[in-house]
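Asker: sequence unknown, structure follows:
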Ligand SMILES: [Zn+2]
């Protein structure tokens, strides 16, 4: 559906050229971008937001109906393309919540994620969803220790479910589970069969977080060549070994069209590709596309909402919204940042409604940072005086940690002393 030849390559070249000092306009330009990569969908991907499905599998998650409605509404306003919900087969309340969210009339399409059985598919289509995501385990582990079905049986039941959901006029995705530990030849044969049966989207899932970017690129690129061009490819990456964002990114480069995310990455075990981190990656790649689709300034609000709902703190080193994401501390960094933020920032905090902070109360501060603080406090000093003041602050900061208030007090008293002289 979104596989017409790419124009990304041309953008890449244009954007690869330095934007001069346009730090607050286009903070990008990775000079190593491939030219004319016709497979790549990094400039036209879609997000399937799974906080209300994958995220419900997070250790401390419990979403009541009101919370689900609030999160779904916020995600739809944010601009995600799809919202995926827990299977109506999971519990009577899950089914009721699914129906409630379908009735909200959100801009995002609503999906539910069910096992690849007629029983689950029937339940799913009754809820009012726009599409059904079906999944079945294809790895030897799952075939032996989970459902005990062979590939011929899996293919037959997949086709039956696909034809049924299509007959109801709904979108259908077919995904294998634990795709990267499944037999590759079996997998391609299965995907070719479901493609011929008219599936809208096939899904590749790194259920255990074992995949590395190179494996992902090769698998997706091969799959892209096997199924028809109109069929979309959805990807789902767990973060057990820290590759979830990188894997999602290379999957798009290899021709995938959809990426599963959750807010803060919450999910089974340590979770999946986080919405915020993924968009941080993508805005560097295609700023115009990301800004045209997603209301990034609402990211922090959504993250805070989900963090509160699942009773966790936003990690200190979280992408974009972590407390230190845009804090610059070292003296030489601070000087360059004050002159031109692009020097040490690939992301522009303003795009996300965040602000940068130049840390000045430490032993590794520099006189440019102190000078900037002096100006913020509305005081006047010569450069020589600021340098003397900086030496004094460093002397104290060598002995004990300095709070901002402390440092401001030192600056003010130094300024008073100057007036006395
Ligand atoms: Zn998952």
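Answerer: Sure thing, it's come through. The structure presented is a predicted model; accordingly, all values stated were derived computationally and were not measured.

Asker: Quick check: which ranges of this structure have low pLDDT?
Answerer: By pLDDT under 70, the low-scoring segments of the chain are 1-36, 142-143, 147, 421.

Asker: Show me the domain layout of it.
Answerer: What automatic domain parsing lists as the domains of the chain is 8-309, 327-420.

Asker: Next, the residue nearest to residue 113 when sequence neighbours are not counted: secondary structure please.
Answerer: What sits nearest to residue 113 in space, not counting adjacent residues and going by C-beta to C-beta, 6 or more residues apart in numbering, is residue 133, at 4.5 Å. Bear in mind the C-beta positions are built from the backbone N, C-alpha and C, glycine included. When the structure is reduced to helix, strand and coil (DSSP: H, G, I helix; E, B strand; the rest coil), residue 133 reads as strand.

Asker: next one: residue 223
Answerer: Of the three states, residue 223 takes helix according to three-state DSSP.

Asker: That one and residue 144, how far apart?
Answerer: Plainly put, residue 223 is 24 Å away from residue 144 if you go by C-beta to C-beta, to the nearest Å.

Asker: Same drill for these two, tell me which one is more crowded.
Answerer: When neighbours are counted by other C-beta atoms under 10 Å, residue 223 and residue 144 differ, and residue 223 comes out ahead with 24 against 10.

Asker: isn't that one right up against residue 191?
Answerer: Yes - A contact is recorded between residue 223 and residue 191 when judged using C-beta atoms under 8 Å, the distance being 6.2 Å.

Asker: coming back round to it: ok, and which of the domains of the chain has the densest surroundings?
Answerer: Scoring those by mean neighbour count under mean count of other C-beta atoms under 10 Å gives domain 8-309 as the most buried, with a mean of 20.

Asker: circling back to that earlier point, pull up the overlap in contacts between residue 223 and residue 191.
Answerer: With C-beta atoms under 8 Å, 6 or more residues apart in numbering applied, the overlap between the contact sets of residue 223 and residue 191 consists of residue 202.

Asker: At which residues are the strands of the protein located?
Answerer: Taking DSSP state E as the criterion, the chain carries its strands at 46-49, 82-85, 109-115, 131-137, 171-177, 201-206, 232-237, 258-261, 327-328, 357-358.

Asker: follow-up on the earlier one: which one of the domains of the chain lies nearest to residue 319?
Answerer: Go through the domains of the chain one by one with C-beta to C-beta and the one that ends up closest to residue 319 is domain 8-309, at 3.6 Å.

Asker: next one: that closest one to chain centre, how far?
Answerer: Here the centre of domain 8-309 is set off from its chain's centre by 11 Å, with C-alpha atoms, centre = their mean, to the nearest Å.

Asker: ok, now stretch 300-320?
Answerer: Here the centre of stretch 300-320 is set off from its chain's centre by 13 Å, with C-alpha atoms, centre = their mean.

Asker: Distance across it, terminal residue to terminal residue?
Answerer: End-to-end span of stretch 300-320 (C-alpha to C-alpha, to the nearest Å): 9 Å.

Asker: for the stretch 1-150 of the chain, what spans make up the helices?
Answerer: Counting by DSSP state H, counting those that start in this stretch, the stretch 1-150 of the chain has these helices, from start to end: 8-16, 65-78, 92-102, 118-126, 140-145.

Asker: Tabulate those (TSV), appending distance to residue 284.
Answerer: Converted to TSV, the helices of the stretch 1-150 of the chain look like this (distance: least, C-beta to C-beta, whole Å):
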stretch	distance to residue 284
helix 8-16	10
helix 65-78	19
helix 92-102	32
helix 118-126	37
helix 140-145	36
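
Asker: if I look at the residue nearest to residue 113, how far off is residue 107?
Answerer: Distance, residue 133 to residue 107, using C-beta to C-beta: 19 Å.

Asker: next one: residue 388
Answerer: Counting by C-beta to C-beta, the gap from residue 388 to residue 107 is 58 Å.

Asker: Let me know which of the helices of the stretch 1-150 of the chain is the nearest to residue 408.
Answerer: When the helices of the stretch 1-150 of the chain are ranked by proximity to residue 408, the top entry is helix 65-78, at 37.2 Å, counting by C-beta to C-beta.

Asker: What lies in contact with that closest one?
Answerer: Helix 65-78 is touched from outside by 49, 51-52, 63, 83, 85, 93, 96-97, 100-101, 104, 106-108, 110, 263, 294-295, 298-299, 301-302, 305-306, 309, with contacts defined as C-beta under 8 Å, 6+ apart.

Asker: go on, stretch 166-179?
Answerer: Contact with stretch 166-179 is made by 109, 111, 116, 125, 129-139, 141-142, 158, 161-162, 165, 182, 187, 190-191, 194, 198-208, 219, 234, 236, as judged by C-beta under 8 Å, 6+ apart.
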